[in-house]
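*Asks:* A structural model of the following input is requested.
(one chain, ligands or ions: 1)
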Amino acid sequence: MTLRFPEGFVWGTATAAFQIEGAAAEDGRAPSIWDGYLRERGYRGDDGDIAADHYHRWEGDLDLAASLGAPAYRFSASWSRVMPDGRTVNALGLDFYRRLVDGLLERGLTPALTMYHMDLPAVFEGGWASRETALRFADYAHTLTEELGDRVPMWMTVNELYYESWLGYCEGAFPPGHRDRDLAVAALHHMLLAHGLGVEAVRRNARGAEVGLVTGYAPTVPGSAHPDDVAAARRTHRHSNCAVLEPVLRGSYPEPYRTHPMRADALERVVRVGDLETIANPVDFIGLNYYFQRHIVASERTGAPEVAAAMDPLGDWLVLDHLHDIGVTEMRPKSDTRTMAGWKPEADGMRRMLTEVTDEYGQVPIFVTENGLPLPDYVGPDGRINDVERIAYTGEHLAAAHAAIQAGAWLRGYFHWSFMDNLEWTSGYGHRFGLVHVDYATQRRTPKASFDWYAGVAAANELPVPAVPVDGTTPI
Ligand code: IFM
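*Replies:* Numbering: from 1, shown residues only. Alright, predicted model coming up:
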């Protein structure tokens, strides 16, 4: 038995500039906020100075991508390379993306370009908390689309804006490392505004191209059947998943932002007349990144026996500042397995995500723009990387995506994260997500077993029977 995907389903892989390019100080690139942050607080001292050296090895990397046979290749441009001072175009930086786009087209690959993937130029005072950054993004988007609009058919404006704003400006877990809810709300709004301005640039300069944005989506699961936990999970869903989808698809913020006094006040200070219309500029698709579900309880119920019974006995509560003041606490649920990132693998969350979005927002065209598994991935004595766990994980998630299509979701394609091993932000180089292994000492590339498996799926447009059932029990 196989699971066949719809005709024209887009198979792809994804990467991002800062995570693979390296060449941090070359050809006029200026630092992004991640350069300094990792230097100060990074994992094992890993930084983006060399990364996978893709800036110099892009031709070989694209040859490998072409040999994979998944026709779409998602990558991002580095704003700090294209406009190092935030204002002036750096011809050498822009040239790199010209070469990359041409190289993709020459190899029969479809460029899917993310304008911004977390690596804000360090030069911007106030970062995304400042409206000026969104206005500068409009210039950057204009430059990219003016130069590449005739050759890039698929554009993504901004990646994972909810995580970047709340983790970077409230949780202090990403740069710029702030712990301030007002700043997080301002950052979220300005990133949404940047998205809307990016859509305008595509419409102006890249006629016929499609444009959307990429948002991280984590279905929420109540920690028990108690109505307070169910309500807390719903609140978290509206606060996180809908924080991006609702403004973009409906032109309004969801209720925790409109009704919670702190959020409503913070929004009132930054939203100007016309912003929501800009944010709701019609898009051609929504990109969703899926890695995990969030297990949620009402904060006052963390001591309830049924909640304690569902908890991972070794796990802590995840007391997140950005949810605490809406009465929500995230728990680590019991799980037989966990990914390196600490996430419980739950393939069914993929199906839930796609059906929830369809139920809540109608039949919007969706791409899964990221999904993948971090592993340590050792090279075996035979020189092979036999990443059977990644194959099982991806198979389960694709089966779940297929189930969502059968149930009516308009899923147009799937981009595996990632094409090649890369710098996993604060978790460093040890968390390998790639279909291609990178030996960072030699920069040697070796396709993993999952590369061949994914090539087969993409070529056939169908999935062999998943190796294990879709219940999240794969040993990781
Ligand atoms: O590596 C990241 C990527 O940059 C954004 N989405 C999640 C991935 C895995 O954590």
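*Asks:* Need the pLDDT of Val468.
*Replies:* We have a pLDDT of 48 for Val468.
*Asks:* Could you pull up the residues touching the residue in the stretch 51-200 of the chain that the ligand sits nearest to?
*Replies:* In the stretch 51-200 of the chain, the residue that lies nearest the ligand is Glu160 (5.6 Å; C-beta to the nearest ligand atom). From N, CA and C alone the C-beta is placed, and that goes for glycine too. Residues near Glu160 by C-beta atoms under 8 Å, 6 or more residues apart in numbering: His117, Met118, Val214, Thr215, Gly216, Asn289.
*Asks:* quick one: secondary structure of the second one?
*Replies:* Judged by DSSP: H, G, I helix; E, B strand; the rest coil, the three-state class of Met118 is coil.
*Asks:* So for it, what's the pLDDT?
*Replies:* On the pLDDT scale, Met118 gets 98.
*Asks:* which residues sit in contact with it?
*Replies:* Ala16, Phe18, Trp34, Asn159, Glu160, Glu164, Phe174, Trp425.
*Asks:* can you tell me which helix or strand the second one belongs to?
*Replies:* This means Phe18. Following DSSP states H and E, one finds Phe18 within helix 17-20.
*Asks:* Could you list the low-pLDDT ranges of this structure?
*Replies:* 466-476 (pLDDT under 70).
*Asks:* So the spatially most distant residue from the centre of it versus the ligand, what's the distance?
*Replies:* Relative to the centre of the chain, the most outlying C-alpha is that of Pro305, 35.4 Å out, by C-alpha atoms, centre = their mean. Distance of Pro305 to the ligand, computed by C-beta to the nearest ligand atom, to the nearest Å: 34 Å.
*Asks:* how near is Ser76 to Leu314?
*Replies:* Using C-beta to C-beta, to the nearest Å, Ser76 is found at 36 Å from Leu314.
*Asks:* Now the terminal residues of stretch 175-185, how far apart.
*Replies:* End-to-end distance for stretch 175-185, by C-alpha to C-alpha, to the nearest Å: 15 Å.
*Asks:* Considering the contacts of Met118, which possesses the most neighbours?
*Replies:* Asn159 (26 neighbours; other C-beta atoms under 10 Å).
*Asks:* In contact with that residue, which residues?
*Replies:* Ala16, Ser76, Thr114, Tyr116, His117, Met118, Leu213, Val214, Asn289.
*Asks:* So in terms of bridging, what pairs with it?
*Replies:* Under the criterion DSSP bridges, Asn159 forms beta bridges with Val214.
*Asks:* for the ligand, what are the nearby residues on the stretch 101-250 of the chain?
*Replies:* Within the stretch 101-250 of the chain, the positions near the ligand by C-beta under 6 Å from any ligand atom are Glu160.
*Asks:* and His402, what does it touch?
*Replies:* Leu3, Phe5, Leu463.
*Asks:* so it, which of the three states?
*Replies:* Strictly by three-state DSSP, His402 counts as helix.
*Asks:* what's the helix holding Phe18 packed up against?
*Replies:* strand 72-76 (3 or more C-beta pairs under 8 Å, 6 or more residues apart in numbering; DSSP states H and E).
*Asks:* Dump the C-alpha coordinates for the helix or strand Asp61 falls within into PDB.
*Replies:* Assigned by DSSP H and E, Asp61 belongs to helix 54-68. C-alpha atoms of helix 54-68 as PDB (Å, rounded to 0.1, in the frame of the first residue of the first chain):
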ATOM      1  CA  HIS A  54      27.600  27.400   1.800                       C
ATOM      2  CA  TYR A  55      28.600  30.900   0.600                       C
ATOM      3  CA  HIS A  56      31.600  29.300  -1.000                       C
ATOM      4  CA  ARG A  57      30.300  25.900  -1.700                       C
ATOM      5  CA  TRP A  58      26.800  26.800  -3.100                       C
ATOM      6  CA  GLU A  59      27.400  25.200  -6.500                       C
ATOM      7  CA  GLY A  60      28.200  21.800  -5.100                       C
ATOM      8  CA  ASP A  61      25.300  22.100  -2.700                       C
ATOM      9  CA  LEU A  62      22.900  23.000  -5.500                       C
ATOM     10  CA  ASP A  63      24.200  20.000  -7.500                       C
ATOM     11  CA  LEU A  64      23.300  17.800  -4.600                       C
ATOM     12  CA  ALA A  65      19.900  19.400  -4.300                       C
ATOM     13  CA  ALA A  66      19.300  18.800  -7.900                       C
ATOM     14  CA  SER A  67      20.300  15.100  -7.500                       C
ATOM     15  CA  LEU A  68      17.700  14.800  -4.700                       C
END
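*Asks:* Any buried residues in that helix, and which?
*Replies:* By neighbour count with 16 or more other C-beta atoms under 10 Å, helix 54-68 contains the buried residues His54, Tyr55, Arg57, Trp58, Asp61, Leu62, Leu64, Ala65, Ala66, Leu68.
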